[in-house]
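Participant: one predicted model, sequence on top.
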Amino acid sequence: MGTTITFDTLAFVKQLKSAGFNDNQAEIQAQAINQALSDFQNSRLNELSTKVDLFTAKAELQTEIAKAKSEIIKWVAGMLVAQAAIAAALVKLL
């Protein structure tokens, strides 16, 4: 389906500590990044379609296609009647 972002907070905290951050600073930054990644993943998951969404969209599309089909048939039938009337009028004139 999608990729999961994994974030090793412990390794990140260790890296920050080795770079000169104190324990509190390193932990807060790790929590902030972890939260940001989690929020990003959750927002992306909300954008995914479910089977119900797809079936609903399919049903709506089929309904629209059926409506368009009936409109086309009405227009074609009307044009056939008009064509027949024009042909009949032309035959009478000749």
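Facilitator: Now that the structure is in, tell me what you want to look at.

Participant: CA atoms for contacts and neighbours, from now on please.
Facilitator: Noted.

Participant: give the other helices and strands that the helix or strand hosting Lys67 contacts.
Facilitator: Assessed by DSSP states H and E, Lys67 sits inside helix 51-93. Packing partners of helix 51-93 (3 or more Cα pairs under 8 Å, 6 or more residues apart in numbering; DSSP states H and E): none among the helices and strands.

Participant: ranking helices and strands of this protein by mean pLDDT, which lands last?
Facilitator: Ranked by mean pLDDT, DSSP states H and E, the helix or strand of the chain with the weakest confidence is helix 23-46, at a mean of 86.

Participant: pull out the CA atoms of that one and give them to me as CSV.
Facilitator: The C-alpha coordinates for helix 23-46 follow below in CSV (Å, rounded to 0.1, in the frame of the first residue of the first chain):
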residue,chain,number,x,y,z
ASP,A,23,19.6,15.4,27.4
ASN,A,24,16.5,17.6,27.5
GLN,A,25,17.2,19.4,24.2
ALA,A,26,18.0,16.1,22.4
GLU,A,27,14.8,14.4,23.7
ILE,A,28,12.6,17.4,22.8
GLN,A,29,14.0,17.5,19.3
ALA,A,30,13.5,13.7,18.9
GLN,A,31,9.9,14.0,20.1
ALA,A,32,9.2,16.9,17.7
ILE,A,33,10.6,15.1,14.7
ASN,A,34,8.8,11.9,15.6
GLN,A,35,5.5,13.8,16.0
ALA,A,36,6.0,15.6,12.7
LEU,A,37,6.6,12.3,10.9
SER,A,38,3.6,10.7,12.6
ASP,A,39,1.4,13.6,11.6
PHE,A,40,2.6,13.4,8.0
GLN,A,41,1.9,9.7,7.8
ASN,A,42,-1.5,10.1,9.3
SER,A,43,-2.4,12.9,6.9
ARG,A,44,-1.3,10.7,3.9
LEU,A,45,-3.3,7.8,5.2
ASN,A,46,-6.5,10.0,5.3
